[in-house]
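A.B. asks: Here is a sequence together with a model predicted from it:
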Amino acid sequence: MTFQDRFKSTESALVATAVLLAAGAFVMPAWLSFLLTLAFAKALVVLGVVIQMRAGLVSFGQALFFCIGGYGVGLGAQALGISDAFLLLALGTLAAVLLALICGFLLTRYREIFFAMLTLALSMILYGVLVKSSALGSTDGFNVAPPSFLGWEPEGETRKQAVYLLTVAIAAATAVGFHRYLESGLGRVMEAIRENEIRVDYLGLSPRWLLFANYVFAAAISALGGGLTAIASGHIDPDMAFWTTSGEFVFIAILGGTGHVAAPFIGAIVFSVIRTFAIQEAPHYWQMALGIVLLGLILFLPKGLWSLIARRKLQVAK
Amino acid sequence: MQHLPRKPSHPIRPIAVALSLALAAGAVGAADNGKYRIGIVTFLSGAAAGPFGVPAANAAKLTVDTLNAGKLPAPYNVKGINGVEIETVIIDEAGGATKQTEEFRNLVQRQKVDAVIGYISSGDCLAIAPAAEELKVPTIFFDCGTSKVFETVKNPKYLFRTGLDAVVDNVAAARYVVETRPQLKTVASIQQNYAWGQDSWNDFILALKQIKPDVKVVSEQWPKLAQGQYGAEISALSVSNPDVIHSSFWGGDMEALMQQGGARGLFDKRIAVLTAGETGVERFKDQVPNGTIVGGRGPFGAFAPKNALNDWFRPAFTAQYKEPPTYPAYKMVQAILGLKAAAEKGGKAGMPGAEQVVQGLTGLSFEAPSGTVQMSRAKGHQAVQSVSFGEYQYDAKSGKASVTKVKTYAGDCLMPPDGTAPADWIKAGFPGAKCN
């Protein structure tokens, strides 16, 4: 099988899944499409964590850009009076990219635990600033008015479906784009940097600037995820930047695995489904129930849920 | 370690498996068993669970069990709601507003509850408010204190709040302090640095300066939520030497502050005003000086009046849970009784529909263990009640704590008329306030 074919088959599978999910909007119960909306938005942030993990860097502060994306949408709607969903998402993403361009200079000098701690620190600075901002509602946050879509202003359940379809479309486009990125030379060299940065340097490439680009890409999709979350839930608060939120993203990244662009999406869906049923079935012990199930999954699938699929592929190939 | 080769993939399968699992489980969850299902959302984990969430959940369980047995005093002696047995679906409020909007939808659309009662966190209330209107399910906020709920939803139909907001508390606190301490010259503040603390202090100082313009603020301390150690803040407060210290601290933080401050003599010559102090009355013992001013966010807990409903609730709760009910417990009973009164108002028999409940509750006046509750603000969707403040008194001989010198302020004395923002109303000098 040639590289061309490999691209085509994965990408057509991704697009087919997206079409299926989009068609599902008209048959699945409303709560499920809302759950999936939030899960896909979350998966975009997790994808940001995953592409950095492939380069050997664990970001414990991806919530920084998740929050910037959310507040970009919220402030764009409230302070600037923008109501178009696409403009709002673009605004949040742009804000995150600008911030990443600045933070990237500092962060790309660090590796391993130092990188993790610094990303964590930056997101907690944003959290602290937001909590002290009475004008932005402090810890209560504020509500995001329902957006319009290129002039179309749906109401009620139609609006939820529109947000769901938008999320599926953006998630699919991002997944295809990042699949290409991961398979490209730039994407491949990230693994080389993880394995041996000095060799990459000797080959004439600058690991620092490659990691910088990777960091900015991760920031952009994380902000997109934050913006979609803000639009879907209609509310933003500083918890979006709190370290436990970042921790959840890292956790889902490990749960899904880093082997494929689809892995974060599978991880996010599984996580959300397990969590909501844990809350329903064990209101007093749901954290414990969730923890045990997820620990079990990770114990038996150390390379994440994706390894189930990868293993099957391997057997087929043999 | 050997790397697994990347091969063409078909991610449809795992997603399909997850989806079908969810669908199957969802179908089981949706019960249509002829019972009236109420979703109860309150903190079952985290810092707010102990002082607020768990007492409220316990109160809900006690009330629903007693209602189903038909053993509540009149006018609530009809079994269940309108003769229909009540079933509760309880959910943990922990985890943030985004998750709560998701779980609210799950409650309504997957678990098919007929009404939702809940929410202690103001952030959660703000996030849920538009969703309640959108999903057209009767939703009662029983505790959260933000004054922005009915600014967010300007024309509520399905959304109600049977408790008071925090502005009301702080206006009452300001009146109480000025009336009982007319010599007051200086005031200091210590608040948890988050929305509740910031709003509480803004409202209190605005009202206090309006009533007594010559009061000076000598210190403002903003420790973070659940900091636990307040040594530095206590030193700063002692040095600034105010007559009165206002604090909106709640739960464990409040008890920690009072213990640490008391040990260092902070309250020897200075009076603390604790707007959420009522939850500590049964726990302070001799560690908090007599004369400390406490509030209970309404006529709840230690401030509750004597009536048939309170004569049932207080002993029954104390017997079952081995501690007297605090204000969140009272507020939960109040919300459930409001829902019941609303559903039974029309006199139609059988399962009450959403429209019936909503019409009944709008502008309703109903009885609760805290006295009469009038849904007379925000177009009949926001409760009006009196607020009481008093002084903590501990009798070392009997080991009993009580609240003395109680002053009760009518709701019309503390709340702006509909359509006026609380801050504007206070700044304008409380126009239209009816105080006795």
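C.D. replies: Structure received. Numbers count the residues shown, from 1 in each chain, chains lettered A, B, ... in the order given.
A.B. asks: Contacts for the host helix or strand of A:Gly104 next, please.
C.D. replies: Counting by DSSP states H and E, the element that carries A:Gly104 is helix A:85-107. Helix A:85-107 is contacted from outside by A:64-65, A:68-73, A:76-77, A:80, A:82, A:115, A:118-119, A:122, A:147-150, A:163, A:166, A:170, A:212, A:215-216, A:218-220, A:222-224, A:226-228, A:230-231, using CB atoms under 8 Å, 6 or more residues apart in numbering or on different chains. For glycine as for every other residue, the C-beta is placed from the backbone atoms N, C-alpha and C.
A.B. asks: Report the buried residues of it.
C.D. replies: A:85, A:87-93, A:95-97, A:99-100, A:103-104, A:107 (16 or more other CB atoms under 10 Å in any protein chain shown).
A.B. asks: which non-adjacent residue is nearest the most centrally placed residue in chain B?
C.D. replies: By CA atoms, centre = their mean, chain B has its centre lying nearest to B:Asp143, at 2.2 Å. Spatial nearest neighbour of B:Asp143, excluding adjacent residues (CB to CB, 6 or more residues apart in numbering or on different chains): B:Ile120 at 4.7 Å.
A.B. asks: swap in A:Gly48?
C.D. replies: A:Gly48 sits nearest to A:Ala218 (CB to CB, 6+ apart), 3.6 Å away.
A.B. asks: What residues does B:Ser365 make contact with?
C.D. replies: B:Thr372, B:Val373, B:Gln374, B:Met375, B:Ser376.
A.B. asks: no wait, B:Lys285
C.D. replies: B:Tyr394, B:Gly399, B:Ala401.
A.B. asks: same thing with B:Ala195?
C.D. replies: Taking CB under 8 Å, 6+ apart, one finds A:Ser134, A:Gly137, A:Ser138, A:Thr139, A:Asp140, B:Ser122, B:Gly123, B:Thr146 in contact with B:Ala195.
A.B. asks: So what's the residue count around the fourth one?
C.D. replies: The criterion is other CB atoms under 10 Å in any protein chain shown. On that basis, A:Thr139 has 24 neighbouring residues.
A.B. asks: before we move on, what about the first one?
C.D. replies: Counted with other CB under 10 Å, the burial measure for A:Ser134 works out to 14 neighbours.
A.B. asks: Just give the closest residue to it, not the sequence neighbours.
C.D. replies: Nearest to A:Ser134 is B:Gln198, by CB to CB, 6+ apart, at 4.9 Å.
A.B. asks: Check the spacing between that neighbour and B:Val108 real quick.
C.D. replies: 32 Å (CB to CB, to the nearest Å).
A.B. asks: Would you check how far apart B:Arg181 and B:Glu323 are?
C.D. replies: For B:Arg181, the distance to B:Glu323 - CB to CB - is 32 Å.
A.B. asks: Burial check on B:Ala226, number of neighbours?
C.D. replies: Counted with other CB under 10 Å, B:Ala226 comes out at 13.
A.B. asks: Which residues are in contact with the nearest residue to it once chain neighbours are set aside?
C.D. replies: Excluding the flanking residues, the one nearest B:Ala226 by CB to CB, 6+ apart is B:Ala47, at 5.4 Å. By CB under 8 Å, 6+ apart, the residues touching B:Ala47 are B:Leu225, B:Ala226, B:Gly251, B:Gly252, B:Asp253.
A.B. asks: Scan these and report the most crowded one.
C.D. replies: B:Asp253 (23 neighbours).
A.B. asks: Okay, and it sits in which element?
C.D. replies: Judged by DSSP H and E, B:Asp253 forms part of helix B:251-263.
A.B. asks: same for that helix, what does it pack against?
C.D. replies: helix B:231-240, strand B:271-274 (3 or more CB pairs under 8 Å, 6 or more residues apart in numbering or on different chains; DSSP states H and E).
A.B. asks: so what's residue 45 up against?
C.D. replies: Let's take chain A. Contacts of A:Val45 by CB under 8 Å, 6+ apart are A:Gln62, A:Ala63, A:Phe65, A:Phe66, A:Ile221, A:Ser222, A:Gly225, A:Gly226, A:Phe249.
A.B. asks: switch to chain B, that's the one I care about
C.D. replies: A:His284, A:Gln287, B:Asp92, B:Ala94.
A.B. asks: Tell me how many other residues surround B:Asp169.
C.D. replies: The burial count for B:Asp169: 24, using other CB under 10 Å.
A.B. asks: residues in the stretch 1-150 of chain A within reach of chain B, list them.
C.D. replies: Taking CB under 8 Å from any CB of the partner chain as the contact definition, the stretch 1-150 of chain A meets chain B at A:1, A:5-6, A:9-10, A:13-14, A:16-17, A:20-21, A:24, A:28-32, A:34-35, A:38, A:131-132, A:134, A:137-143.
A.B. asks: element containing the residue nearest to A:Phe65 when sequence neighbours are not counted?
C.D. replies: Of all residues beyond its chain neighbours, the one nearest A:Phe65 is A:Ser222 (3.7 Å), with distances taken as CB to CB, 6+ apart. Following DSSP H and E, one finds A:Ser222 within helix A:207-233.
A.B. asks: Past that helix, which element shows up next along the chain?
C.D. replies: Criterion used, DSSP H and E; the element after helix A:207-233 is strand A:235-236.
A.B. asks: before we move on, the earlier item: could you check how far the helix holding A:Gly104 is from the centre of its chain?
C.D. replies: 14 Å (CA atoms, centre = their mean, to the nearest Å).
A.B. asks: before we move on, back to that, columns distance to B:Val54, secondary structure and pLDDT on top of the contacts of B:Ala195, output as JSON lines?
C.D. replies: Converted to JSON lines, the contacts of B:Ala195 look like this (distance: CB to CB, whole Å; DSSP: H, G, I helix; E, B strand; the rest coil; pLDDT from 0 to 100):
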{"residue": "A:Ser134", "distance to B:Val54": "30", "secondary structure": "helix", "pLDDT": "81"}
{"residue": "A:Gly137", "distance to B:Val54": "27", "secondary structure": "coil", "pLDDT": "81"}
{"residue": "A:Ser138", "distance to B:Val54": "26", "secondary structure": "helix", "pLDDT": "82"}
{"residue": "A:Thr139", "distance to B:Val54": "22", "secondary structure": "helix", "pLDDT": "83"}
{"residue": "A:Asp140", "distance to B:Val54": "23", "secondary structure": "helix", "pLDDT": "85"}
{"residue": "B:Ser122", "distance to B:Val54": "19", "secondary structure": "helix", "pLDDT": "88"}
{"residue": "B:Gly123", "distance to B:Val54": "20", "secondary structure": "helix", "pLDDT": "89"}
{"residue": "B:Thr146", "distance to B:Val54": "22", "secondary structure": "coil", "pLDDT": "85"}
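A.B. asks: what about B:Leu414, distance to chain A?
C.D. replies: From B:Leu414 across to chain A, the span is 22 Å (CB to the nearest CB, to the nearest Å).
A.B. asks: Next up, the contacts around whichever residue of the stretch 251-400 of chain B sits closest to chain A.
C.D. replies: Relative to chain A, the nearest point of the stretch 251-400 of chain B is B:Asp253 (14.2 Å; CB to the nearest CB). With contact set as CB under 8 Å, 6+ apart, B:Asp253 has these partners: B:Ala47, B:Gln192, B:Leu225, B:Ala226, B:Gln227, B:Gly228.
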